[in-house]
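Peer 1: need the 3D shape of this:
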Amino acid sequence: MVILSKGDHVWVDPDAKGEFDIPIGATVKFSDTGQIQLVDDEGNETWVSAAEASKLRQMHASSIDGVEDMIQLGDLNEAGILRNLLVRYRDGHIYTYTGSILIAVNPYQLYDIYGQKNIIGYQDKKIGEKQPHIFAIADNAYYFMKRGGKNQCIVISGESGAGKTESTKLILQFLAAVSGQHSWIEQQILEANPILEAFGNARTVRNDNSSRFGKYIEVHFNRQGIIEGARIEQYLLEKSRLAFQNKLERNYHIFYRMLVGFSAEERAKLKLGTAKDYHYLTQGGSLDLEGWNEVAEFARIRDAMKVLMFNPEEQWKIWELTAAVLHLGNLEFSESEVRNLKTAAVENEKVLQVVAELLQVDFDDLKRALTQRSTITQGEVIYSPLNQEKALDVRDAFVKGIYGRVFIWIVTKINTVIYKEKTDKGRISIGVLDIFGFENFEKNSFEQLCINFANENLQQFFVQHIFKLEQQEYDKEKISWQHIEFVDNQDVLDMLSSKPMNVIALVDEESRFPKGTDASMLTKLHKEHSGKAIYIKPKSISDTRFGVVHFAGSVFYQSVGFLEKNRDTFSADLFDVIADTKNPFLTTVFEGQRAMSTETRRKSPTLGAQFKKSLDMLMTTLNACQPFFVRCIKPNELKKPNIFDRPLCVRQLRYSGVMETIRIRRAGYPIRHAFNEFIDRYRVLVSGMKSHEHH
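Peer 2: Okay, here's the model as predicted:
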């Protein structure tokens with residue numbers, strides 16, 4: 001029976017029984033024989049009877065004030081981990097270890113812990129020697145790379161708004177500083193970031209500077225640990241954002257920044273107005289970004305482009321194409337009936353004229369390609385009119401095609417500058433992966449399937465690494481560990497991509513059929529996988545979704561729009577228009593695709609196939625490295641400091657695999673006393689045993 005006194009700490013089970021409700025910590029405020037008053041971690045007061053109090057679980061001493069490394073927690077469970085993060089967060093400690101894994105809670109405020117003094121302070125220090133910090137992870141990766149001559153990688157994950165992008169920047173800042181040369185190449189690597197953020201980041205409901213693409217930055221060093229160069233891989237830019245933004249969200253930063261950053265003369269040349277003038281920028285109703293100076297940011301982007309050797313002509317050509325995207329968004333189509341066919345016509349031809357001039361293509365050809373579709377029958381070209389809805393779809397697909405290829409060109413350009421050919425066999429590297437976390441929205445589409453597929457791969461990589469660390473610990477202590485088992489997620493990976501007739505293969509197959517539809521794809525998925533426990537077929541026939549039981553929970557995907565997104569192309573007629581452009585930059589951006597026939601383009605890899613290939617290459621790279629993990633946690637949805645949303649944090653801890661670390665540890669011998677602590681605690685059981693101070 002538990003007898004409680006004032007000041008004792010206990011665990012209280014939640015009243016609600018939701019998926020993310022777990023026990024909360026509480027302190028005994030008042031105690032007498034009949035009643036006990038508790039104050040929980042949220043400040044809520046409750047009275048319990050002595051009988052009820054006797055059933056409460058006392059908190060382990062390690063959970064009261066929090067620990068820097070959660071492996072040391074006596075309460076090694078979800079409630080213990082959550083409370084530890086809460087206690088440290090309230091004390092201003094945003095970093096916590098779980099072994100060698102760093103948990104980073106976004107403070108939504110600036111802390112003075114990243115200056116030169118801190119960089120020097122974390123150099124040549126083992127994890128645990130100083131307060132947990134992102135610099136400690138970067139330094140240990142650098143140390144092990146130099147000492148062992150083996151490539152390292154740092155995998156940063158978390159939801160949008162959790163702080164992944166900032167963590168990546170801090171690691172690169174640390175590596176640039178400790179390599180000790182302060183050279184031009186280090187500066188160029190750091191300057192790639194403002195450009196990539198401008199073209200690939202946007203304001204979302206969850207985050208004012210959300211990366212809408214994944215990236216792997218591999219920094220190359222010589223044997224002396226000096227930076228030689230770097231290479232950037234990008235994954236799955238969210239192109240749907242170009243044509244549509246949800247309420248309170250924005251399009252990509254670059255559009256807003258160039259509109260306020262251009263000189264009056266530049267704006268006039270590109271026929272540009274202000275952000276409120278463009279359909280593609282106003283749908284979310286959020287034009288301004290609080291706390292950001294967009295004029296200064298645009299100047300910084302231009303400075304970064306100079307550092308990365310973008311010549312003035314290349315820069316101007318980029319602005320021409322981004323301006324063309326905005327003008328295309330303002331194209332409007334009317335609809336009339338001609339010979340019983342709904343026919344679209346361009347309403348504002350002046351806007352189309354501006355687009356044709358910027359792209360340097362023929363006005364009439366462009367107009368025809370946006371409002372008609374050509375087919376060849378018996379050697380003769382037949383033009384069929386598009387209706388208004390189809391014309392808008394063609395316009396939006398064209399915009400996504402242009403911007404997506406400009407983005408790839410920018411990444412390639414940066415790589416040509418920062419990547420240096422290997423000069424000796426001693427080159428080693430540290431890779432930093434900043435990639436989308438697990439996603440589950442009200443409506444999930446093809447992008448979410450790709451993102452969650454990537455996270456399934458990374459989760460397996462993470463769990464296998466944690467299990468390996470446990471194995472090494474047991475070997476070091478000479479303890480038999482064979483009985484420990486862990487459940488991996490191979491069955492989900494098999495269904496998504498490995499086994500015959502897998503989900504991605506079926507989506508791909510249907511994308512290649514000219515008559516393939518989202519409905520026929522869904523039918524094949526149901527037929528092939530509905531017998532599996534990890535596949536969910538909706539009960540209603542009219543429900544166009546399918547579900548997958550992922551490691552982090554079940555997600556339903558809306559099949560409508562899947563094939564179009566996977567095909568990731570636009571009309572052959574627009575390709576023909578581009579083929580005749582007088583704009584050499586547009587020609588370069590579409591290099592290799594202009595010359596393709598329609599049939600060849602249909603056979604070229606789909607977006608899903610390209611993403612799977614990129615992911616396979618990434619996993620091969622990661623598996624050849626010694627990994628470190630940074631798990632970023634968003635404490636609240638309001639983007640405000642000093643607010644800790646418990647269910648939200650529990651969900652992220654589960655999604656990030658941190659709870660899996662606990663499960664693996666608890667499967668073996670979870671209680672691990674240091675030798676000195678063990679002697680002091682249990683020496684009374686052995687006569688004549690002295691305390692550790694006498695040993």
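
Peer 1: contacts, neighbours, all on C-alpha from now
Peer 2: OK.

Peer 1: send me stretch 200-213 as PDB with only the CA atoms.
Peer 2: Coordinates of each C-alpha in stretch 200-213 appear next as PDB, following Å, rounded to 0.1, in the frame of the first residue of the first chain:
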ATOM      1  CA  GLY A 200      11.100  25.200 -52.000                       C
ATOM      2  CA  ASN A 201       9.700  26.600 -48.700                       C
ATOM      3  CA  ALA A 202       6.300  28.100 -48.000                       C
ATOM      4  CA  ARG A 203       4.000  29.200 -45.200                       C
ATOM      5  CA  THR A 204       1.700  26.500 -44.100                       C
ATOM      6  CA  VAL A 205      -0.900  26.400 -41.200                       C
ATOM      7  CA  ARG A 206       1.700  24.600 -39.100                       C
ATOM      8  CA  ASN A 207       4.900  26.400 -40.100                       C
ATOM      9  CA  ASP A 208       5.800  29.800 -41.500                       C
ATOM     10  CA  ASN A 209       8.900  28.400 -43.200                       C
ATOM     11  CA  SER A 210       7.900  24.800 -44.100                       C
ATOM     12  CA  SER A 211      10.200  22.900 -46.500                       C
ATOM     13  CA  ARG A 212       7.900  21.400 -49.200                       C
ATOM     14  CA  PHE A 213      10.600  19.100 -50.400                       C
END
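
Peer 1: who touches it?
Peer 2: Identification of contacts with stretch 200-213 by C-alpha atoms under 8 Å, 6 or more residues apart in numbering yields 160-161, 165, 197, 234-238, 247-253, 289, 407, 435-436, 637-639.

Peer 1: same check on stretch 102-121?
Peer 2: 89, 94-97, 132-135, 137, 162-163, 170, 174, 177-178, 629-635, 639-642.

Peer 1: are any of the contacts of stretch 200-213 buried, and which?
Peer 2: Applying 16 or more other C-alpha atoms under 10 Å to these, the neighbour count classes 160-161, 165, 197, 234-238, 249-253, 407, 435-436, 639 as buried.

Peer 1: just the ones in helices from the residues you listed, please.
Peer 2: Within the buried ones among the contacts of stretch 200-213, residues falling in helices by DSSP state H are 165, 197, 253, 407.

Peer 1: quick one, which of those residues has the minimum pLDDT?
Peer 2: When it comes to pLDDT, residue 165 is the least confident member of those, at 92.

Peer 1: contact partners for it?
Peer 2: By C-alpha under 8 Å, 6+ apart, the neighbours of residue 165 are 210, 211, 434.

Peer 1: of these, just say which sits nearest to residue 398.
Peer 2: Checking those against residue 398 with C-alpha to C-alpha, the nearest one is residue 211 at 22.6 Å.

Peer 1: got a pLDDT number for the closest one?
Peer 2: In the prediction, the pLDDT value recorded for residue 211 is 92.

Peer 1: how near is it to residue 380?
Peer 2: Distance of residue 211 to residue 380, given as C-alpha to C-alpha, to the nearest Å: 47 Å.

Peer 1: okay, the two: which has more neighbours?
Peer 2: Counted by other C-alpha atoms under 10 Å, residue 211 and residue 380 do not tie: residue 211 has more neighbours, with 27 against 9.

Peer 1: re the thing from before, tell me which of the contacts of stretch 200-213 fall in strands.
Peer 2: Applying DSSP state E to the contacts of stretch 200-213, the entries found in strands are 234, 235.

Peer 1: so where's the stretch 301-450 of the chain shaky on pLDDT?
Peer 2: Confidence mapping of the stretch 301-450 of the chain against pLDDT under 70 gives the ranges 424.

Peer 1: what about the closest residue to residue 226 other than its chain neighbours, neighbour count?
Peer 2: Leaving aside its sequence neighbours, residue 226 sits nearest to residue 179 (C-alpha to C-alpha, 6 or more residues apart in numbering; 4.8 Å). Counted with other C-alpha under 10 Å, the burial measure for residue 179 works out to 17 neighbours.

Peer 1: assign a three-state SS to the residue nearest to residue 246 when sequence neighbours are not counted, would you?
Peer 2: In space, not counting the residues next to it along the chain, residue 246 is nearest to residue 284; the distance is 5.2 Å by C-alpha to C-alpha, 6+ apart. Look at residue 284: counting by DSSP: H, G, I helix; E, B strand; the rest coil, its state is coil.

Peer 1: state the distance from residue 97 to residue 134.
Peer 2: 10 Å.

Peer 1: typed the wrong thing, it's residue 248
Peer 2: Distance from residue 248 to residue 134, counting by C-alpha to C-alpha: 31 Å.

Peer 1: can you pull out the helices in the stretch 351-500 of the chain?
Peer 2: Chain-ordered helices for the stretch 351-500 of the chain, with DSSP state H, counting those that start in this stretch as the definition, fall at 363-371, 388-418, 446-476, 490-493.

Peer 1: how far does the last one sit from its chain's centre?
Peer 2: Read it as helix 490-493. Helix 490-493 has its average C-alpha position 21 Å from the chain's average C-alpha position, going by C-alpha atoms, centre = their mean, to the nearest Å.

Peer 1: identify all contacting residues around it.
Peer 2: Taking C-alpha under 8 Å, 6+ apart as the criterion, the residues outside helix 490-493 that touch it are 453, 456, 457, 460, 534, 549, 550.

Peer 1: hmm, the first one is touching residue 496, no?
Peer 2: Yes. Contact criterion C-alpha atoms under 8 Å: residue 453 and residue 496 qualify, at 7.3 Å.

Peer 1: quick one: low-confidence ranges for the protein?
Peer 2: For the chain, the stretches with pLDDT under 70 are 1-2, 33, 424, 481-487, 592-603, 665-667, 669-673, 691-695.
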